[in-house]
Structures are given as structure tokens and as C-alpha cells.
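A.B. asks: what's the 3D shape of this:
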Amino acid sequence: MQSNPQIPIMLLYNMFMIYWLVAGNLLMLITFFFRLSTLPPQLPLFYSRPWGEEQLGDFWLIFLIPVLVNLLVFFNEYIYKRFFLGNILAKHVFEFLNIFLTVSFTLIFIKIILLVS
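C.D. replies: Have a look, this model is predicted:
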């Protein structure tokens, strides 16, 4: 009789976050490539600046959004493993935070792309 090895909880946590992150990244890439032909050379990315041309940035700067979400998710995972390993409440807080970051940044990316194309 073979033994059924248990999957460590940390591996499940990592895979759960990676699935959300990969899904968000793929959705952003698909949206970008479907709308690439209709994108203007500059996109409104800097909403903290005054209205007009000062808000515009080159279209490749839109990829700061996926890079930033990936960095934030991996930073949150590092913080969890470094300081809160084994704490169930912290694990759930970081899971929901990472899901919120991934979904919100993905929706922001898609909204910008769909508004200007």
C-alpha cells in the first residue's frame, strides 16, 4: 500500500497566489494585444498630474502596472514567510490583500486600455 504524502500548506498557499497572479497577467496581456492596433502612441497614466498632455506617457509605460502588482505580491509573500510563517490569520490577510491587489490592478489596466482604444 502506497502512502499518500500530504502537500505542505505553504506550497498550497504559493500555488494559490501564483494562479491568481498568472491569471491577472494573462488577462492584461490578452487585453493589450487585442487592442494594440488601436492604441495611441501615448496613454493617460499619470492621473496625479494636471489635466492634459502632462498626464500622458508612452504606451509601453502601461507595463509598469503588471510589474508593480507582481512586485507587491512577491513582497507580501516574502513578508509573510519572514515574519508571520504559520500564523493562520496573517496568511488569510495576505491572501485577501494579494487577491485584492491582483484584481484591482488588472481592472485598472484593462480600463485604461479600453478607454483609449
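
A.B. asks: V22: how many residues sit nearby?
C.D. replies: 11 (other C-beta atoms under 10 Å). In this view, the C-beta of every residue, glycine as well, is placed from N, C-alpha and C.

A.B. asks: Against which helices or strands is the helix or strand hosting it packed?
C.D. replies: Secondary structure assigned from DSSP states H and E places V22 in helix 9-35. If contacts are counted by 3 or more C-beta pairs under 8 Å, 6 or more residues apart in numbering; DSSP states H and E, helix 9-35 sits against helix 64-83, helix 88-116.

A.B. asks: what's the next secondary structure element after that helix?
C.D. replies: Using DSSP H and E, the next helix or strand after helix 9-35 towards the C-terminus is strand 42-44.

A.B. asks: Partner strands of that next one and their direction?
C.D. replies: strand 56-58 (antiparallel) (DSSP bridges).

A.B. asks: List the contacts of the strand it pairs with.
C.D. replies: Contact with strand 56-58 is made by 41-46, as judged by C-beta atoms under 8 Å, 6 or more residues apart in numbering.

A.B. asks: most surrounded residue in those residues?
C.D. replies: Comparing the contacts of strand 56-58 on neighbour count, L43 comes out first with 20 neighbours (neighbours: other C-beta under 10 Å).

A.B. asks: Tell me who's in contact with that one.
C.D. replies: Shown in contact with L43 (C-beta under 8 Å, 6+ apart): 56-59, 61-62, 112, 116.

A.B. asks: switch the cut-off to 7 Å
C.D. replies: 56-57, 59, 62, 112, 116 (C-beta atoms under 7 Å, 6 or more residues apart in numbering).

A.B. asks: Relative to L26, which of those residues is nearest.
C.D. replies: Using C-beta to C-beta, the shortest approach to L26 within these belongs to I62, at 15.6 Å.
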